[in-house]
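*Asks:* What follows is a predicted structure for the sequence shown.
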Amino acid sequence: MYDFAIIGGGIVGLSTGMALGKNYPHARILVLEKESQWAFHQTGNNSGVIHSGIYYKPGSFKAKFCREGSRSMVEFCQEHEIEHEVCGKVIVATEETELPRLESLYKRGLDNGIKVERISPEAVKEIEPHVRCVGGIRVFSTGIVNYKQVCWKYAELIQKQGGELRLNTKVHKISPSGENQVLETNNGSFETRFVINCAGLHSDRIAKLAQLTPQAKIVPFRGEYYELIPEKRHLVKTLIYPVPNPDFPFLGVHFTRMIDSSVHAGPNAVLSLKREGYKKTDFDIGDFAEVITYPGFWKLAAKHADEGIQEIIRSFSKAAFVRSLQKLIPEVQAADLVPTHAGVRAQALMNNGSLVDDFLIVQGQNSIHVCNAPSPAATSSVEIGKAIVAQIPQQAHLLTAINA
């Protein structure tokens with residue numbers, strides 16, 4: 001019998017397990033992950049950025065958790081000697097028409113309590129000599145880290161707290177057993193008092209197994225990256241972002257210096273034809289059918305048809321991808337870029353075609369379900385874990401059982 005069973009061994013599941021161990025040191029905690037290693041999907045394929053929280057709506061969970069998370073992530077890395085760097089970033093307008101949006105973003109940063117500064121094109125060049133722009137914002141608290149290393153430390157701490165970790169264990173059924181629940185997996189059954197669903201790309205499916213009707217469906221978007229060849233890494237000193245389109249849910253292609261000194265360029269954002277589809281050729285008939293029969297997808301596609309077409313073009317045309325990057329750094333040429341890994345973002349989509357633009361944490365019967373946790377979930381992971389644990393005291397009978 002376990003007190004808590006967490007489904008999903010990405011950064012949110014592991015941070016939740018760590019937070020549970022701190023708050024309930026006598027509880028029996030279990031973390032189940034279907035893959036052979038931790039942080040295999042979204043966490044292990046993201047851009048490694050410690051985000052500041054500048055983009056998010058003031059008062060939202062994303063704004064609050066990201067702002068606090070950027071501090072707690074840096075503190076965690078310092079405490080556990082995980083390599084990281086608070087290098088800052090610049091967000092730049094490359095055309096005069098983008099300046100009003102740049103100003104709005106600057107004000108949003110102030111509203112969110114973030115240290116930001118308007119800077120001239122000349123000041124941008126002092127930070128990033130190869131960027132061409134008409135204005136910029138400097139964001140001081142942005143950093144870089146390897147989130148796989150963070151996850152390995154989370155897992156190590158869970159074990160030190162007495163938690164049990166199981167890889168290669170996929171949940172395929174959840175059944176009630178009195179006040180408890182039984183998780184049936186390919187590696188046996190596990191009975192628990194409380195379930196926490198942190199299954200990322202499959203979070204809506206796990207919610208359904210727990211007899212909960214999700215408010216939204218997960219639609220996978222693949223983000224493809226190129227990497228600058230070593231001889232051209234000098235073109236990027238920190239992180240360089242364009243001004244995002246506020247009507248489009250993605251940030252646009254940008255340059256990111258990684259903690260290993262490589263420089264990645266991207267991502268675009270295209271529909272993945274498989275929930276774990278990291279290659280253009282990856283296809284799953286069940287995953288594909290779910291998307292194309294979902295009314296919300298077609299409403300989203302109609303709303304963002306022009307942007308969607310441009311993203312698809314960038315996916316199949318390196319020349320188009322390069323042209324987008326040249327708006328930021330004109331010197332970049334196709335020969336300077338080689339393909340690198342892709343990531344798949346689990347984005348919750350409502351039936352009316354609107355994207356869930358905040359973290360979505362839903363309570364069920366003796367369960368909590370993280371139904372939407374895309375970027376900046378990695379940055380915010382310590383704070384998300386705390387927030388999930390803070391909801392558990394509402395289950396009075398569970399606490400009585402654990403503390404007995």
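*Replies:* Structure received.
*Asks:* For the rest of this, base every contact and every neighbour count on C-alpha atoms.
*Replies:* Fine.
*Asks:* Work out the gap between the helix or strand containing Val124 and the centre of the chain.
*Replies:* If you go by DSSP states H and E, Val124 is part of helix 121-127. Centre-to-centre, helix 121-127 and its host chain are 30 Å apart (Cα atoms, centre = their mean, to the nearest Å).
*Asks:* Residue ranges in the stretch 151-300 of the chain under the pLDDT threshold?
*Replies:* 247, 249 (pLDDT under 70).
*Asks:* Report the mean per-residue pLDDT for the helix holding Val124.
*Replies:* Averaged across helix 121-127, the pLDDT comes to 98.
*Asks:* Counting by contacts, list what whatever helix or strand comes next after it packs against.
*Replies:* Downstream of helix 121-127, the first helix or strand assigned by DSSP H and E is strand 135-139. Judged by 3 or more Cα pairs under 8 Å, 6 or more residues apart in numbering; DSSP states H and E, the packing partners of strand 135-139 are strand 89-93, helix 99-111, strand 116-119, helix 121-127.
*Asks:* closest one to Val344 among those?
*Replies:* Nearest of those to Val344, taken as Cα to Cα: strand 89-93 at 23.6 Å.
*Asks:* Distance from that closest one to the middle of the chain?
*Replies:* Using Cα atoms, centre = their mean, the offset of strand 89-93 from its chain centre is 21 Å.
*Asks:* thinking again about what came up before, and the helix holding Val124, what does it pack against?
*Replies:* strand 135-139.
*Asks:* Pull up the pairing partners for the strand it packs on, direction included.
*Replies:* strand 89-93 (antiparallel), strand 116-119 (antiparallel) (DSSP bridges).
*Asks:* Compute the inter-axis angle for the first one and helix 99-111.
*Replies:* If you take axes from the mean of the first three to the mean of the last three Cα atoms, to 10 degrees, strand 89-93 sits at 150 degrees to helix 99-111.
*Asks:* Show me what strand 89-93 is in contact with.
*Replies:* By Cα atoms under 8 Å, 6 or more residues apart in numbering, the residues outside strand 89-93 that reach it are 99, 102, 124, 133-140, 142, 238-243, 328.
*Asks:* What of the shortest one?
*Replies:* Under the criterion Cα under 8 Å, 6+ apart, residues 106, 109-110, 135-140 lie in contact with strand 116-119.
*Asks:* Flag every buried residue along it.
*Replies:* By neighbour count with 16 or more other Cα atoms under 10 Å, strand 116-119 contains the buried residues 116, 118-119.
*Asks:* What subset of the contacts of strand 89-93 is buried?
*Replies:* By 16+ other Cα under 10 Å, these give 99, 102, 124, 133-140, 142, 238-243, 328 as buried.
*Asks:* how much space is there between the closest residue to Phe297 other than its chain neighbours and Trp298?
*Replies:* Of all residues not flanking Phe297 in the chain, Gly353 sits nearest, at 6.0 Å (Cα to Cα, 6 or more residues apart in numbering). Look at Gly353 and Trp298: by Cα to Cα, to the nearest Å, they are 7 Å apart.
*Asks:* And for Arg205?
*Replies:* Taking Cα to Cα as the measure, Arg205 and Trp298 are separated by 21 Å.
*Asks:* Compare the two and say which is more crowded by neighbours.
*Replies:* Arg205 (20 against 17; other Cα atoms under 10 Å).
*Asks:* coming back round to it: for the buried residues of strand 116-119, which one is nearest Gly178?
*Replies:* Nearest to Gly178 among the buried residues of strand 116-119: Val116, at 53.3 Å, using Cα to Cα.
*Asks:* pLDDT value on the closest one, please?
*Replies:* Val116 is assigned a pLDDT of 98 by the prediction.
*Asks:* okay, the longest helix along the chain in PDB with CA atoms only?
*Replies:* What stands out as the longest helix in the chain, according to DSSP state H, is helix 61-79. Extracted in PDB, the C-alpha atoms of helix 61-79 (Å, rounded to 0.1, in the frame of the first residue of the first chain):
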ATOM      1  CA  PHE A  61      -0.100  30.500 -12.600                       C
ATOM      2  CA  LYS A  62       2.500  30.700 -15.400                       C
ATOM      3  CA  ALA A  63       3.600  34.300 -14.400                       C
ATOM      4  CA  LYS A  64       3.600  33.500 -10.700                       C
ATOM      5  CA  PHE A  65       5.300  30.100 -10.800                       C
ATOM      6  CA  CYS A  66       7.800  31.100 -13.500                       C
ATOM      7  CA  ARG A  67       8.900  34.300 -11.700                       C
ATOM      8  CA  GLU A  68       9.300  32.400  -8.400                       C
ATOM      9  CA  GLY A  69      10.600  29.300 -10.200                       C
ATOM     10  CA  SER A  70      13.400  31.100 -11.900                       C
ATOM     11  CA  ARG A  71      14.800  31.900  -8.500                       C
ATOM     12  CA  SER A  72      14.100  28.500  -6.900                       C
ATOM     13  CA  MET A  73      15.700  26.700  -9.800                       C
ATOM     14  CA  VAL A  74      18.900  28.800  -9.600                       C
ATOM     15  CA  GLU A  75      18.900  28.200  -5.800                       C
ATOM     16  CA  PHE A  76      18.400  24.400  -6.300                       C
ATOM     17  CA  CYS A  77      21.300  24.300  -8.900                       C
ATOM     18  CA  GLN A  78      23.600  26.200  -6.500                       C
ATOM     19  CA  GLU A  79      22.700  24.000  -3.600                       C
END
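*Asks:* what's the angle between that helix and helix 99-111?
*Replies:* Using the same axes, to 10 degrees: helix 61-79 against helix 99-111 is 60 degrees.
*Asks:* quick one: contacts for Val182?
*Replies:* 174-176, 189-192 are the contacts of Val182 under Cα under 8 Å, 6+ apart.
*Asks:* The same query, at a cut-off of 10 Å, please.
*Replies:* Residues in contact with Val182 (Cα atoms under 10 Å, 6 or more residues apart in numbering) are 1, 5, 173-176, 189-195.
*Asks:* number of nearby residues for the residue nearest to Thr192 when sequence neighbours are not counted?
*Replies:* What sits nearest to Thr192 in space, not counting adjacent residues and going by Cα to Cα, 6+ apart, is Tyr2, at 4.4 Å. Counted with other Cα under 10 Å, residues neighbouring Tyr2 total 19.
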